[in-house]
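Asker: let's see this in three dimensions:
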Amino acid sequence: QVQLVESGGGLVQAGGSLRLSCAASGLTFGSRAMGWYRQAPGKERELVAVISSGGSIYYADSVKGRFTISRDNAKNTLYLQMNGLRPEDTAVYYCAGSSRIGLRTRTDDYQYWGQGAQVTVSS
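Answerer: Reported below is the predicted structural model:
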(Lines give C-alpha, C1' and ligand atoms only; values in the text may rest on other atoms or scores of the structure.)
Protein backbone atom coordinates (compact mmCIF):
# COMPACT_ATOMS: atom_id res chain seq x y z
CA GLN A 1 0.00 0.00 0.00
CA VAL A 2 1.47 3.32 -1.08
CA GLN A 3 1.52 6.10 1.48
CA LEU A 4 2.67 9.68 1.01
CA VAL A 5 2.72 11.79 4.15
CA GLU A 6 3.39 15.53 3.96
CA SER A 7 4.72 17.64 6.80
CA GLY A 8 6.11 21.14 7.29
CA GLY A 9 3.17 23.32 6.36
CA GLY A 10 2.08 26.27 8.45
CA LEU A 11 1.53 30.00 8.67
CA VAL A 12 4.25 32.38 7.56
CA GLN A 13 4.52 36.07 6.72
CA ALA A 14 5.11 37.23 3.19
CA GLY A 15 8.76 36.95 2.29
CA GLY A 16 9.29 34.06 4.68
CA SER A 17 10.30 30.46 4.07
CA LEU A 18 8.94 26.97 4.70
CA ARG A 19 10.15 23.50 3.81
CA LEU A 20 7.70 20.75 3.02
CA SER A 21 8.65 17.10 3.34
CA CYS A 22 6.92 14.04 1.94
CA ALA A 23 7.73 10.65 3.41
CA ALA A 24 6.96 7.86 0.95
CA SER A 25 6.40 4.17 1.58
CA GLY A 26 5.08 1.22 -0.39
CA LEU A 27 6.69 2.19 -3.70
CA THR A 28 10.13 2.02 -5.23
CA PHE A 29 10.69 5.69 -4.51
CA GLY A 30 14.05 6.05 -6.23
CA SER A 31 12.71 4.92 -9.60
CA ARG A 32 9.55 7.03 -9.68
CA ALA A 33 8.72 10.53 -10.81
CA MET A 34 7.54 12.66 -7.88
CA GLY A 35 5.97 16.06 -7.65
CA TRP A 36 4.35 18.82 -5.65
CA TYR A 37 0.95 20.23 -6.56
CA ARG A 38 -1.19 22.83 -4.81
CA GLN A 39 -4.83 23.79 -4.67
CA ALA A 40 -6.12 27.14 -3.47
CA PRO A 41 -9.76 27.65 -2.44
CA GLY A 42 -12.02 27.81 -5.47
CA LYS A 43 -9.22 26.93 -7.86
CA GLU A 44 -8.09 23.80 -9.67
CA ARG A 45 -5.14 21.77 -8.50
CA GLU A 46 -1.98 23.00 -10.22
CA LEU A 47 1.54 21.76 -10.70
CA VAL A 48 4.22 23.41 -8.56
CA ALA A 49 7.32 21.35 -9.29
CA VAL A 50 8.18 17.84 -10.40
CA ILE A 51 11.35 15.75 -10.38
CA SER A 52 12.20 12.64 -12.33
CA SER A 53 13.95 9.58 -10.97
CA GLY A 54 17.10 10.84 -12.69
CA GLY A 55 16.88 14.29 -11.12
CA SER A 56 15.44 16.29 -14.01
CA ILE A 57 13.26 19.11 -12.68
CA TYR A 58 10.41 21.26 -13.92
CA TYR A 59 8.95 24.28 -12.13
CA ALA A 60 5.80 26.24 -12.71
CA ASP A 61 6.65 29.78 -13.84
CA SER A 62 4.97 31.20 -10.76
CA VAL A 63 7.49 29.58 -8.40
CA LYS A 64 10.62 29.50 -10.52
CA GLY A 65 13.55 31.07 -8.70
CA ARG A 66 11.78 30.90 -5.33
CA PHE A 67 11.02 27.20 -4.77
CA THR A 68 13.40 24.23 -4.91
CA ILE A 69 12.32 20.61 -5.24
CA SER A 70 14.69 17.83 -4.20
CA ARG A 71 14.64 14.18 -3.26
CA ASP A 72 16.62 11.93 -0.93
CA ASN A 73 16.24 8.42 -2.32
CA ALA A 74 18.04 6.89 0.67
CA LYS A 75 15.36 8.33 2.96
CA ASN A 76 12.42 7.88 0.55
CA THR A 77 11.65 11.56 1.06
CA LEU A 78 10.68 14.39 -1.25
CA TYR A 79 11.23 18.04 -0.29
CA LEU A 80 10.01 21.45 -1.36
CA GLN A 81 11.99 24.42 -0.09
CA MET A 82 9.86 27.55 -0.45
CA ASN A 83 11.52 30.95 -0.15
CA GLY A 84 10.14 34.41 -0.80
CA LEU A 85 6.63 33.26 -0.06
CA ARG A 86 3.74 35.41 -1.26
CA PRO A 87 0.07 35.53 -0.22
CA GLU A 88 -0.84 33.98 -3.57
CA ASP A 89 1.16 30.88 -2.59
CA THR A 90 -1.49 30.13 0.04
CA ALA A 91 -2.92 26.68 -0.74
CA VAL A 92 -3.03 23.06 0.28
CA TYR A 93 0.15 21.46 -1.02
CA TYR A 94 0.04 17.83 -2.15
CA CYS A 95 2.84 15.35 -2.64
CA ALA A 96 2.31 13.18 -5.72
CA GLY A 97 3.92 9.96 -6.89
CA SER A 98 3.89 8.43 -10.34
CA SER A 99 4.10 4.83 -11.45
CA ARG A 100 6.21 6.07 -14.36
CA ILE A 101 9.79 7.16 -14.79
CA GLY A 102 10.92 10.29 -16.58
CA LEU A 103 9.81 13.87 -16.03
CA ARG A 104 6.03 13.96 -15.66
CA THR A 105 4.11 17.24 -15.81
CA ARG A 106 0.53 16.05 -16.30
CA THR A 107 -1.71 15.61 -13.29
CA ASP A 108 -3.03 12.28 -14.58
CA ASP A 109 0.54 10.93 -14.68
CA TYR A 110 0.38 10.77 -10.88
CA GLN A 111 -1.49 7.90 -9.27
CA TYR A 112 -0.55 8.41 -5.64
CA TRP A 113 -1.38 11.46 -3.52
CA GLY A 114 -0.76 12.58 0.02
CA GLN A 115 -3.37 14.07 2.29
CA GLY A 116 -2.10 17.60 1.79
CA ALA A 117 -0.38 20.23 3.93
CA GLN A 118 -1.82 23.70 4.45
CA VAL A 119 0.46 26.62 3.66
CA THR A 120 -0.84 30.06 4.56
CA VAL A 121 1.08 33.23 3.74
CA SER A 122 -0.07 36.43 5.40
CA SER A 123 0.51 39.85 3.89
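
Asker: where does the protein have low pLDDT?
Answerer: Filtered on pLDDT under 70, the chain yields no residues whatsoever.

Asker: so where do the strands sit in this protein?
Answerer: All strands of the chain, identified by DSSP state E, fall at 3-7, 10-13, 18-25, 34-39, 46-51, 57-59, 67-72, 77-82, 91-98, 110-113, 117-122.

Asker: in its sheet, what does the fifth one sit against?
Answerer: Looking back up the chat, that one is strand 46-51. Using DSSP bridges, strand 46-51 pairs in its sheet with strand 34-39 (antiparallel), strand 57-59 (antiparallel).

Asker: tell me which of the ones you listed sits most buried.
Answerer: strand 34-39 (a mean of 24; mean count of other CB atoms under 10 Å). C-beta: built from backbone N, CA, C; applies to glycine.

Asker: that strand versus strand 77-82: what angle between them?
Answerer: 50 degrees (axes from the mean of the first three to the mean of the last three CA atoms, to 10 degrees).

Asker: distance between strand 34-39 and the chain's centre?
Answerer: In terms of CA atoms, centre = their mean, to the nearest Å, the gap separating the centre of strand 34-39 from the centre of its chain is 4 Å.

Asker: quick one: contacts of that strand?
Answerer: By CB atoms under 8 Å, 6 or more residues apart in numbering, the surrounding residues in contact with strand 34-39 are 20, 22, 24, 45-51, 69, 71, 78, 80, 89, 91-98, 104, 107, 110, 116, 119.
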